[in-house]
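**Student:** missing the sequence, but the structure's below:
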């Protein structure tokens, strides 16, 4: 990070553990006290360090109009009848992944310059958005750590930003989370004695981890908290924070929201749930920066990971069915970029 943004003394501490996000650093107090950060940044940093999440007001003066356009644009794309007759009962949600590829307002939220600048200060490396998820109703998703889905080497250089596109009350299935769980170790396949190569479930899912997460929550005596957000409020969460979607009590209601997932520069990006690194399988994630459309390369300790290694490890990590699916996604994304003004 630019020393001017951080401050000379704080930058010295940050350099000692450059491979640890600033908000997760054991030097956090020394860094934050000697930093040149404004009070808004310091407040968000302390919330993320202590609780694993922070609430901000989304910094877009035209947010109401943006939110309304997203709802009008994406609304017809969801299968509302099926969800209200069956999906809601089965604890399913509705979502569109990567709508930024065709919707400029989704992309506008994901690439907001002030959010990118804040995340860059909080983590000590430049932030870049790589995925969007748009929800018109509650996800009703079991709580989980994003670190099993999207991770980095060095670890924890990933976060999510959830934005309320309308006021959200208790009957709409608000976002839920367990404060402090981000401080736990990141548990991946090897910790639960799970070899992805021996369990070629297609597509992979997080169910193998859910019993462990439930036992941890009970053992540590954590209680869920719920974010009953006002329109325009955003919640930033750390990579390892346990979070999910609570039960939507009233299926006639909506719960419009957008999640953007962010990585940070200078890392290798992969999915631990789909990888067996010491068994010769790493599912590298190869994304474009939503803000500028540029492909983001995998980097290790300042050196670019060879393309052949990324391709070969990823190829070994996925089934033939998944390989064809990924190829189709890439073609669709490429066509969408060509058609986007």
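**Tutor:** Now that the structure is in, tell me what you want to look at. Keep in mind that what you see is a predicted model, and the values were worked out from it rather than measured. Numbering: from 1, shown residues only.
**Student:** list the buried residues in the strand or helix carrying residue 15.
**Tutor:** Assigned by DSSP states H and E, residue 15 falls within helix 8-16. Neighbour counts over helix 8-16 (16 or more other C-beta atoms under 10 Å) mark 10, 11, 13, 14 as buried. (C-beta placed from N, C-alpha, C; glycine too.)
**Student:** what sits against the nearest residue to residue 173 once chain neighbours are set aside?
**Tutor:** Of all residues not flanking residue 173 in the chain, residue 138 sits nearest, at 2.1 Å (C-beta to C-beta, 6 or more residues apart in numbering). With contacts defined as C-beta atoms under 8 Å, 6 or more residues apart in numbering, residue 138 is in contact with 93, 172, 173, 174, 245, 246, 247, 248, 255.
**Student:** and the furthest pair within those residues?
**Tutor:** Spatially, the most separated pair among these is 93 and 174, at 12.9 Å (C-beta to C-beta).
**Student:** gap between the two ends of stretch 196-213?
**Tutor:** Criterion C-alpha to C-alpha, to the nearest Å; first-to-last residue distance in stretch 196-213 is 19 Å.
**Student:** which residues touch it?
**Tutor:** Outside stretch 196-213, the residues that touch it by C-beta under 8 Å, 6+ apart are 142-145, 148-149, 187, 189, 192, 194, 242, 273-276, 279, 281, 317, 319, 321-322, 325.
**Student:** what comes up buried for it?
**Tutor:** In terms of neighbour count (16+ other C-beta under 10 Å), stretch 196-213 has its buried residues at 196, 204, 208, 209, 213.
**Student:** give me the element the fourth one is part of.
**Tutor:** Taking DSSP H and E as the criterion, the element that holds residue 209 is helix 207-220.
**Student:** any idea which helix or strand comes after that helix?
**Tutor:** Sequence-wise, the next helix or strand downstream of helix 207-220 (DSSP H and E) is strand 225-227.
**Student:** so which elements touch that next one?
**Tutor:** If contacts are counted by 3 or more C-beta pairs under 8 Å, 6 or more residues apart in numbering; DSSP states H and E, strand 225-227 sits against strand 175-177.
**Student:** run through who's touching the strand it packs on.
**Tutor:** Outside of strand 175-177, the residues within contact range by C-beta under 8 Å, 6+ apart are 52-53, 143, 162, 224-227, 229, 235, 237, 241-246, 257.
**Student:** in strands, which of the residues you listed appear?
**Tutor:** Taking DSSP state E, the ones among these that sit in strands are 53, 162, 225, 226, 227, 235, 237, 243, 244, 245, 257.
**Student:** tabulate the residues you listed (a markdown table), appending distance to residue 80, neighbour count and pLDDT.
**Tutor:** Shown next, in a markdown table, are the ones in strands among the contacts of strand 175-177 (distance: C-beta to C-beta, whole Å; neighbours: other C-beta atoms under 10 Å; pLDDT from 0 to 100):
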| residue | distance to residue 80 | neighbour count | pLDDT |
| --- | --- | --- | --- |
| 53 | 30 | 25 | 98 |
| 162 | 22 | 22 | 98 |
| 225 | 29 | 14 | 98 |
| 226 | 24 | 14 | 97 |
| 227 | 24 | 20 | 97 |
| 235 | 26 | 22 | 98 |
| 237 | 28 | 24 | 98 |
| 243 | 25 | 25 | 98 |
| 244 | 22 | 17 | 97 |
| 245 | 18 | 21 | 95 |
| 257 | 16 | 28 | 98 |
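**Student:** which one among those gets closest to residue 181?
**Tutor:** residue 243 (8.5 Å).
**Student:** just the buried ones from the contacts of residue 138?
**Tutor:** Neighbour-count burial (16+ other C-beta under 10 Å) applied to the contacts of residue 138 gives 93, 172, 173, 174, 245, 246, 248, 255.
**Student:** how far off centre is stretch 77-97?
**Tutor:** Relative to its chain's centre, stretch 77-97 lies at 22 Å (C-alpha atoms, centre = their mean, to the nearest Å).
**Student:** ok, now stretch 52-61?
**Tutor:** Chain-centre distance of stretch 52-61: 15 Å, with C-alpha atoms, centre = their mean.
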